[in-house]
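**Student:** structure for this input, please:
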Amino acid sequence: MESRDKFNQHLMHPWANLPALGEDDSTPQICRAEGVYLYDNNDHQLLDGPGGMWCMQVGYGRREIADAVSSQIMELGYASTFSVFHPRETELAHKIASVTPGDLNRIFFTTGGSTAVDAALRLCQLANNIKGKPHRKHILCRNKGYHGSTYLAASVCGKERDKSAMDTETENIHFLTAPSLSEDPLGRSEEEFCDFLIEELETTIASIGADNIMCFIAEPVLGSGGVIVPPEGYNRRCWEVVKQHGIVYIADEVVTGFGRLGHWFSSEAVFGVCPDMITFAKGVTSGYVPLGGFAVSDAFMADISLDNANGNIFSTGFTWSANPVSCAAALAVWDIIVKENLLEHVREIGPYFQEQLRTLLGMPLVKSVRGTGLMAAIELEAPESLAGNSLLDRDYALGELVDHHCYQLGLIVRPLINVCVLSPPLILTLEQVDELVAKLRAGIEAAHNSLNQ
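**Tutor:** Numbers count the residues shown, from 1 in each chain. Here you go, the predicted model:
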């Protein structure tokens, strides 16, 4: 039986298209990878525009990571951190704590971004229960924000086009306007729009009651929502308002952490924010093996630990929390980032990456180009002539069409409906930036030409 037949007969992938389950004839089969390139079952070379899923920081086929993982498997392949600890987790926790802002010195490891967010939210719930404030359960989040697929994480996601028939928590979840200036219906200036967003935040806090609000969770740059870079000063002003009211601030850096914007974490270094918690995953192991977690401040923990714990435990954890093999991979990734000066490299190449992508503006089908560091989005605008019963249908069709042509040209763009998101490996060279942009341009042109034949 061929691989695709086995796939159709037995597999269900994330975000499974249920109407077409078992009838897939287009999902690419990837067989190997090296550097910034993937190769399919026909050995067709593909530049990995999305960097896996925002995670392939140091590139594919790194012998250093393979050796670290192999050595760790032979030395200690598993340890249950429910009852013991091991050297790799302590070393990794120490390194992460050394680069987090403020007093975020306590690290909790999970299996990925979704579980990191869930665990962070559960710790906030526990903290309020311990402190005698069980009513403090409301969560502030944002439209177009993305925080994961597990129940609590999915509940605080604001991607309207991801909403489906699946249940989420709604009673204590409050969505604020996405900080997307380009979608402001009133066409305000960046400063005016930022003022509106902050006023909305303050009004929402007042209407709920600050003492009823558990936390505010936000990505510094909204990733899966379309690479939305907030207005200048927005993140800092949100943090100031939230802290003024004694509300916990959670920065979701699952995408922006570990070099994506040229820093280990972007909250303080880029946006002047010192959160109470930072969630991380993806780039911590460069996607090689699963690992995630959060950093939490000493001040937060002091209120709920030792004598203040009232005998409670944080009864959250996972079979693979701080798995020694995952931690070994993360330490190898860390060493590569430091040895190859990848943080500095991103700060140097990022402006060129953004500048070259902006040359796509003015092309047919291109509505906008936005981004920062090594993350960007090219939003496509579907013409009315494109087949479809609704704008959403046309957007899906256009995204798939551009993706198809880019794939043929040797580039993966993985469109989020009508938005081509890019977060290439941090090792990307200037020549590869030019290659990526040229292939994307050609793919968009081919899609446009096919619509006008």
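**Student:** what packs against the lengthiest helix in the chain?
**Tutor:** Determined from DSSP state H, the single longest helix within the chain is helix 430-451. Under the contact criterion of 3 or more Cβ pairs under 8 Å, 6 or more residues apart in numbering; DSSP states H and E, helix 430-451 touches strand 45-48, helix 342-357, strand 375-380, helix 391-409, strand 411-412. Glycine gets a C-beta too; all of them are placed from N, C-alpha and C.
**Student:** now it: buried residues?
**Tutor:** 432-433, 435-437, 439-444, 446-448, 451 (16 or more other Cβ atoms under 10 Å).
**Student:** and the residue lying closest to residue 97 once chain neighbours are set aside, what is it in contact with?
**Tutor:** With sequence-adjacent residues excluded and distances taken as Cβ to Cβ, 6 or more residues apart in numbering, residue 97 is closest to residue 105, at 4.6 Å. Counting by Cβ atoms under 8 Å, 6 or more residues apart in numbering, residue 105 touches 97, 295, 297-298.
**Student:** out of those residues, who's the most crowded?
**Tutor:** residue 295 (28 neighbours; other Cβ atoms under 10 Å).
**Student:** thinking again about what came up before, in strands, which of the contacts of residue 105 appear?
**Tutor:** residue 295 (DSSP state E).
**Student:** now render the contacts of residue 105 as TSV, adding distance to residue 43 and pLDDT.
**Tutor:** Formatted as TSV, these follow (distance: Cβ to Cβ, whole Å; pLDDT from 0 to 100):
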residue	distance to residue 43	pLDDT
97	44	98
295	42	98
297	50	98
298	52	98
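**Student:** what is the nearest of the contacts of residue 105 to residue 320?
**Tutor:** Of all the contacts of residue 105, the one with the least separation from residue 320 (Cβ to Cβ) is residue 295, at 18.9 Å.
**Student:** contacting residues for the nearest residue to that closest one once chain neighbours are set aside?
**Tutor:** Nearest non-adjacent residue to residue 295, counting by Cβ to Cβ, 6+ apart: residue 104, 4.1 Å away. By Cβ under 8 Å, 6+ apart, residue 104 lies in contact with 97, 274-278, 295-298.
**Student:** so of those, which ones are in helices?
**Tutor:** 97, 298.
**Student:** so which of the contacts of residue 104 comes closest to residue 421?
**Tutor:** Nearest member of the contacts of residue 104 to residue 421, counting by Cβ to Cβ, is residue 278, at 22.0 Å.
**Student:** most centrally placed residue in the chain?
**Tutor:** Of all residues in the chain, the one closest to the mean position by Cα atoms, centre = their mean is residue 255, 3.2 Å from it.
**Student:** next, the closest residue to that residue other than its chain neighbours: phi, psi?
**Tutor:** Closest residue in space to residue 255, ignoring its immediate chain neighbours: residue 223 at 3.9 Å, by Cβ to Cβ, 6+ apart. Dihedral angles of residue 223 (phi, psi; degrees, to the nearest 10) stand at phi -80, psi -80.
**Student:** let me see the confidence value for residue 223.
**Tutor:** Note on residue 223: pLDDT of 96.
**Student:** next: residue 25.
**Tutor:** 88.
**Student:** looks like it contacts residue 7 (just checking).
**Tutor:** No - judged on Cβ atoms under 8 Å, residue 25 makes no contact with residue 7 at a distance of 10.2 Å.
**Student:** between the two, who's got more neighbours?
**Tutor:** residue 7 (15 against 7).
**Student:** give me phi/psi at that one?
**Tutor:** According to degrees, to the nearest 10, residue 7 has phi -60, psi -50.
**Student:** for it, list the residues it contacts.
**Tutor:** Residue 7 touches 24, 27, 29, counting by Cβ under 8 Å, 6+ apart.
**Student:** dump these to CSV, plus secondary structure, distance to residue 310 and neighbour count.
**Tutor:** Below are the contacts of residue 7 laid out as CSV (DSSP: H, G, I helix; E, B strand; the rest coil; distance: Cβ to Cβ, whole Å; neighbours: other Cβ atoms under 10 Å):
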residue, secondary structure, distance to residue 310, neighbour count
24, coil, 53, 14
27, coil, 51, 12
29, coil, 54, 11
